[in-house]
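**Student:** Sharing a sequence plus its predicted fold:
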Amino acid sequence: MRTTDILKAIQKLNPAEKHRLREYLIDALTASSSTGTVLEEISERKHKDGYRCPDCESEHIVRFGKYPIIADGEEVKKQRYRCKACRRTFTDLTNTALYRTRHLNRWMKFIECMIEGYSLRKSAELIGGVTHVTLFYWRHKLLAALKQMEISKFQGIVEMDETYFLYSEKGQRKIKNRKSRKRGGSAKKRGISNEQVCVLVARDRDKVTFSQTLGMGRLTKEQLDKAIGHKLSNENVLCTDAWGAFKTYATEKNISIYQFKSDGKIRTKGLYHIPNVNNYHRRLKGWIQRFNGVATKYLNNYLAWFQVLESSHHQRNEVTMKDMIIKGNLIPNIETYDTLRLSKFTV
């Protein structure tokens, strides 16, 4: 069949058939993306400055045999190392999200599901061979690493605004001091109160973005300084809402500031405005709704997840999937299923 005939046949498909064809083609193309290639790049980038023991930081490292893994459905031998100082052995994946994972060949499909924002149960159905409980562990081990990624210092104009999420103990079996809420529920008090978690978002015009939980209730200048004070200087110009903590902070740090009231009557003063950060809030809250509530102790993980998706424009292709899995395995991560499950919300 000629290419023109194939294209004409595709045009005759209904939307559901086109979607299934798209999914098939993406799977076929990404199947050629070798898991082994990703592992090799992780190894090269982790050891770009030489080998170092993950336990004692010693540089006296020797090769110590090989171990088998399953990559792309085939058994592959990977290098094991030994530290001459503490005598411990380690691999390229020690203290990473992929460490001790039995299904390395399924991770690319899992990353694809994460980019699409699928639920754990739907992801388990699409991937096959793993449970939604295992995928929960994979998801948060990867996100625990991604949220540690450092952003560069802000340049020029920085838009800054806070948004709020209702405190949630989703997944907790025994909730103290209040009745459980159905699908999030609502706060008992009107307005901003200590029932709500403050999330600060700051963006410069190069789209360098900071988003993180700062605490319960209204933002304070101390929280602001602790969170991003080291990313700002008096060469920056802040654009914020009218909340007093921003003004107090800027005055103490000798940083220029333009503030806008929430009534929206004055939205811009020349180059200075805050729609970029407000639009980020809107996209974030729209995206996070699909999870029917997020436990507050995991909220920073989801903020990091959304930030990664925004940086890649939510594109699902071979490049973005590889980039996400490689970046998430270059940062040390010692989370286990128990540490994730038993963790508490802290700021």
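**Tutor:** Perfect, thanks for sending it. Here the structure is a predicted model, which is why all the values come from computation and not from measurement.

**Student:** Could you use CA atoms for every contact and neighbour count after this?
**Tutor:** OK.

**Student:** Could you pull out the helices in the stretch 201-347 of the chain for me?
**Tutor:** Assigned by DSSP state H, counting those that start in this stretch, the helices in the stretch 201-347 of the chain fall at 221-228, 244-252, 275-288, 299-311, 318-327, 337-341.

**Student:** Can I get those in CSV including distance to Tyr258?
**Tutor:** Output for the helices of the stretch 201-347 of the chain, formatted as CSV (distance: least, Cα to Cα, whole Å):
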stretch, distance to Tyr258
helix 221-228, 16
helix 244-252, 9
helix 275-288, 13
helix 299-311, 25
helix 318-327, 36
helix 337-341, 40
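
**Student:** so which of the ones you listed comes closest to Glu159?
**Tutor:** Nearest to Glu159, of all these, is helix 275-288, at 6.0 Å by Cα to Cα.

**Student:** Which is the succeeding secondary structure element to the one helix or strand in the chain whose mean pLDDT sits lowest?
**Tutor:** Least confident helix or strand of the chain, by mean pLDDT, DSSP states H and E, is helix 15-30 with a mean of 63. Next helix or strand after helix 15-30 toward the C-terminus (DSSP states H and E): helix 35-46.

**Student:** now whichever helix or strand comes after that following helix against helix 35-46, angle please.
**Tutor:** Of the helices and strands lying after helix 35-46 in sequence (DSSP H and E), the nearest is strand 61-71. With axes from the mean of the first three to the mean of the last three Cα atoms, to 10 degrees defining the directions, strand 61-71 sits at 150 degrees from helix 35-46.

**Student:** Paired strands for strand 61-71, with orientation please.
**Tutor:** Strand pairing for strand 61-71, using DSSP bridges, gives strand 74-83 (antiparallel).

**Student:** by contact count, what packs against the next helix or strand after the strand it pairs with?
**Tutor:** Per DSSP H and E, strand 74-83 leads on to strand 89-91 as the next helix or strand towards the C-terminus. In terms of contacts (3 or more Cα pairs under 8 Å, 6 or more residues apart in numbering; DSSP states H and E), strand 89-91 is packed against strand 74-83.

**Student:** What are the buried residues along the strand it packs on?
**Tutor:** Arg80, Tyr81, Arg82, Cys83 (16 or more other Cα atoms under 10 Å).
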